[in-house]
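Any chance you can model this:
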Amino acid sequence: MSQKVRTRYAPSPTGFQHIGGIRTALYCYLFTRKVGGSFILRIEDTDQNRYVPGAEEYIVESLKWCGIKCDEGSHVGGEYGPYRQSERKETYGIYAQQMLESGHAYYAFDTSEELTAKRKEYEAQKKVFKYDPSTRMSMRNSISLGKEETEALLAANTPWVIRLKIPADEEVIVEDLVRGMVRVNSNEVDDKILLKGDGMPTYHLANVVDDHLMEITHVIRGEEWLPSTPLHVLLYRALGWEDTMPKFAHLPLILKPTGKGKLSKRDGDKMGFPVFPLAWQHPTNEESSTGYREIGFFPEAFVNLLAFLGWNPGTTQEIFSMDELIAAFSIDRIGKSGARFDWDKAQWFNQQYIKEAAGSTLAEAAIKVAPDAYKGTDLDFLASACELMKERMTFINDIWEKGYFFFESPKEYDAKVVRTKWKEERVPLFHQLKEQFAALDNFSAANVEATVKAFMQEHGLGFGDVLQVFRVMLAGTKSGPPIFEMAELLGKTEVLKRMEESAKTFDEMKAA
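Prediction:
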């Protein structure tokens, strides 16, 4: 086997990618990049009955959005291809035949009705049926039937599958890079189907054969695959590949916010957060979900939060670029226990990236998700608005929602401020302030501020008496971005218009 590190992310296109899958890809990528290896995307589409059109494209797009670059794969090619298992069908038959000939596998002719009957027989005895060394001689297979009858059944085109012949009572050792030494007795493993009569392999055979032929050195995957790993070790033995078997690392589950159970789409729907990187719509039913990209996450923030779901750098640093993650990442810093998903922390990561981003960067991201009414917004203006709003933004989309008043007059006004601060005797004073603004030749933030302060001093008014009303006039709310900078960005004409419009509305609100 090649000494160069080679890892693979091998999803099935039977649905859309949960963030747990993307985290697996990320950990593979970080580990591989740190040592200068190759990262491969392999599509495990042997289960054609559950294939979802568009799922493979979704996987590729998700990786690209996250900045996870594949060195080889179904979409980029490579010398170890093809990278879709459905295109490697003939290969698996060769190795299944090899195991038949070496005595490590056998034909099984049991019908589904016979298997169901056997399971019910065991259930009646309050036992669980397993097709294994203790039961295989009572079933219809090439071991129990003998060579002559087996050949007759094959010649008659009797439906068959090929099963792995699990050795009885042998110790199987899995050296896991996360969980340490795992020991399993082979009696706990059943004779899994390797190849179906139509020539399509099961996951187990295809997975092991492909990892060997693609010279995969490290298999990094979710802990749900740990129970299957002893079977895979036995497959490597049966094929004579145990000496070149990859090293295994099984990642902890991503848990619900409560810490109890695996995080699911249902949890996200219930608690109001995505569990998918990108939005998706199922092609054959009405099921759909939003994604981190669509709600306004920076891909860098999404990657940062994923990295911390099961790994920690051993330092107090929490914000990492991809290059910093690559430099810091190591498998021995991956925890064994499940990682609890924290939506508040996820939002915090995105806030940090927004706060540090330049206004122009935010504007470029925001215009891509702009509502139709705002799609024509000038980018320079938008960049300045984002710069003023970014301390108050959690998502990119917030500029259009929380900061909509940059792009149109307020839709409503803070009723409490109007009720307590818009006093009849002061109404003429605000009209006077408006006239002073109109007289300014340079409507800069500094000049607006100086005008307001001089106005307050002249009339003996406090900041709360003037600035709260002025802010509500411009933005409709008593909290928001710096008011003088906002006034400068809106410009004198717009500020005067809003003051005129809001004064009339305030009078109506007070009279109601």
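
And the closest residue to Asp332 other than its chain neighbours, how close does it get to Tyr9?
Closest residue in space to Asp332, ignoring its immediate chain neighbours: Leu177 at 7.5 Å, by CB to CB, 6 or more residues apart in numbering. The C-beta positions use only the backbone N, C-alpha and C, and glycine is treated the same way. Separation of Leu177 from Tyr9 (CB to CB, to the nearest Å): 17 Å.

of these two, who's got more company?
Higher neighbour count among Leu177 and Tyr9: Tyr9, with 25 against 17, using other CB atoms under 10 Å.

Hmm, that one is touching Phe39, no?
Yes - under the criterion of CB atoms under 8 Å, Tyr9 lies in contact with Phe39, with a separation of 7.4 Å.

Find the residues that touch each one of the two.
Common neighbours of Tyr9 and Phe39 (criterion: CB atoms under 8 Å, 6 or more residues apart in numbering): 28-29.

ok, now which ones touch Leu263?
Applying CB under 8 Å, 6+ apart, we find Leu263 in contact with 18-20, 253-257, 275, 341.

OK, contacts around Tyr106?
Applying CB under 8 Å, 6+ apart, we find Tyr106 in contact with 100, 136, 141-143, 162-163, 165.

who wins for most neighbours among these?
Arg163 leads the contacts of Tyr106 on contacts (other CB under 10 Å) with 27 neighbours.

Just the mean pLDDT for the longest helix seen in the chain, thanks.
Counting residues, the longest helix found in the chain (DSSP state H) is helix 492-511. Across helix 492-511, the average pLDDT comes to 96.

Also stretch 340-355?
Rounded mean pLDDT across stretch 340-355 is 97.

how about that stretch: buried residues?
340-341, 346-347, 349-354 (16 or more other CB atoms under 10 Å).

still on that earlier bit, need the contacts of Leu263 in TSV (columns: distance to Phe297 and secondary structure).
What follows is the contacts of Leu263, written out as TSV (distance: CB to CB, whole Å; DSSP: H, G, I helix; E, B strand; the rest coil):
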residue	distance to Phe297	secondary structure
His18	16	coil
Ile19	11	helix
Gly20	17	helix
Leu253	22	coil
Ile254	16	strand
Leu255	20	strand
Lys256	20	coil
Pro257	18	coil
Val275	13	coil
Phe341	14	coil
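
Out of these, which is nearest to Lys64?
Set against Lys64, the nearest of those by CB to CB is Ile19 (15.9 Å).

Ala307 is in contact with that closest one, correct?
No - under the criterion of CB under 8 Å, Ile19 makes no contact with Ala307, lying 11.7 Å away.

count of neighbours near Ala117?
For Ala117, using other CB under 10 Å, the count is 12.

How is it assigned, secondary-structure-wise?
helix (DSSP: H, G, I helix; E, B strand; the rest coil).

Tally up the residues packed near His204, please.
Residues near His204, counting by other CB under 10 Å, number 18.

all strands of the stretch 151-300 of the chain, in order?
In the stretch 151-300 of the chain, the strands defined using DSSP state E, counting those that start in this stretch lie at 161-164, 171-176, 180-185, 193-196, 218-222, 247-251, 254-255, 280-281, 288-289.

can you redo those strands as CSV with mean pLDDT?
Formatted as CSV, the strands of the stretch 151-300 of the chain follow (pLDDT from 0 to 100):
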stretch, mean pLDDT
strand 161-164, 98
strand 171-176, 95
strand 180-185, 95
strand 193-196, 96
strand 218-222, 97
strand 247-251, 97
strand 254-255, 97
strand 280-281, 92
strand 288-289, 93
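
Lys130 is nearest to which of those?
Closest among the strands of the stretch 151-300 of the chain, using CB to CB: strand 161-164, at 11.8 Å.

and that closest one, which strands flank it?
The strands that strand 161-164 pairs with in its sheet are strand 105-108 (antiparallel), strand 193-196 (antiparallel) (by DSSP bridges).

outside of that strand, which residues touch it?
Strand 161-164 has contacts (CB under 8 Å, 6+ apart) with 96, 99-100, 104-108, 131, 141, 191-197, 204, 231, 234-235, 238.

just to revisit the earlier point, buried residues of the longest helix of the chain, list them for me.
Buried residues in helix 492-511, counted by 16+ other CB under 10 Å: 492, 495-496, 498-499, 502-503, 505-506.

Check which helices and strands the helix or strand hosting Glu458 sits against.
Element membership of Glu458, judged by DSSP states H and E, is helix 445-459. Contacts defined by 3 or more CB pairs under 8 Å, 6 or more residues apart in numbering; DSSP states H and E place helix 445-459 against helix 427-438, helix 463-475, helix 483-490.

Just give me how far the longest one sits from the chain centre.
Going by CA atoms, centre = their mean, to the nearest Å, the spacing between the C-alpha centre of helix 463-475 and its chain's C-alpha centre is 42 Å.

what angle do it and helix 492-511 make?
If you take axes from the mean of the first three to the mean of the last three CA atoms, to 10 degrees, helix 463-475 sits at 110 degrees to helix 492-511.

buried sites along helix 463-475?
By 16+ other CB under 10 Å, the buried positions in helix 463-475 come out as 465-475.

Name the surrounding residues that touch that helix.
By CB under 8 Å, 6+ apart, the residues outside helix 463-475 that reach it are 405, 410, 413-414, 417-418, 421-422, 426, 430, 433, 452, 455-456, 477-480, 483, 486-487, 490, 495, 498-499, 502-503.

Any of those buried? List them.
By 16+ other CB under 10 Å, the contacts of helix 463-475 give 405, 410, 413-414, 417-418, 421-422, 426, 430, 433, 452, 455-456, 477-478, 480, 483, 486-487, 490, 495, 498-499, 502-503 as buried.

In the protein, where is pLDDT below threshold?
Applying pLDDT under 70 to the chain flags residues 1-2.

how is it carved up into domains?
Following automatic domain parsing, one finds the domains of the chain at 1-72+252-355, 89-196, 409-511.

could the strands paired with strand 161-164 be laid out in CSV, adding distance to Arg88?
Formatted as CSV, the strands paired with strand 161-164 follow (distance: least, CB to CB, whole Å):
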stretch, distance to Arg88
strand 105-108, 19
strand 193-196, 13
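
before we move on, back to that, which of the buried residues of stretch 340-355 lies closest to Phe395?
Closest to Phe395, out of all of the buried residues of stretch 340-355 and judged by CB to CB, is Asn350, at 6.4 Å.
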